[in-house]
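1. Return a 3D structure for these sequence lines:
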Amino acid sequence: MIEINTRLRKWGNSFGIVIPQKAIEQSSAKEGDEVTILFKKEKPNLHKLFGAHKFSKPTEELMNEMDEELYND
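-> Residues are numbered from 1 along each chain as shown. Down below sits the predicted model:
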């Protein structure tokens, strides 16, 4: 299975996608082959992807501490 990112394009009253030549070559597909496309459109949920962290101090306080460590030596 090869994953590609592409954009929908308007073709007459329909929409289509263009599959890059590299992807075709990697998959050994040829004209007339039957393919299955998994269609997914969603905005990523960053909390779900990376999780959420609860800090013990306010962000501004943490930033001030970092500034002191970096610039007040």
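
2. Which residue ranges of the protein form helices?
-> 21-27, 46-50, 59-71 (DSSP state H).

3. Please identify which of those helices is closest to residue 6.
-> helix 21-27 (9.1 Å; C-beta to C-beta). Where C-beta positions appear, they are placed from N, C-alpha and C, glycine not excepted.

4. thinking again about what came up before, and the helices of the chain as TSV, adding distance to residue 14?
-> Written out in TSV, the entries for these read as follows (distance: least, C-beta to C-beta, whole Å):
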stretch	distance to residue 14
helix 21-27	21
helix 46-50	33
helix 59-71	49
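
5. Of the ones you listed, which shows the lowest average pLDDT?
-> The stretch with the lowest mean pLDDT among those is helix 46-50, which comes in at a mean of 75.

6. ok now that one, how far from the chain's centre?
-> The gap between where helix 46-50 is centred and where its chain is centred comes out at 12 Å by C-alpha atoms, centre = their mean, to the nearest Å.

7. Numbering from 3 from now on, please.
-> New numbering, starting at 3: the last item is helix 48-52.

8. With mean neighbour count and distance to residue 41 added, can I get the helices of the chain in CSV?
-> Conversion of those to CSV gives the following (neighbours: other C-beta atoms under 10 Å; distance: least, C-beta to C-beta, whole Å):
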stretch, mean neighbour count, distance to residue 41
helix 23-29, 12, 16
helix 48-52, 8, 20
helix 61-73, 10, 39
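
9. Before I go, just wanted to say thanks for your time.
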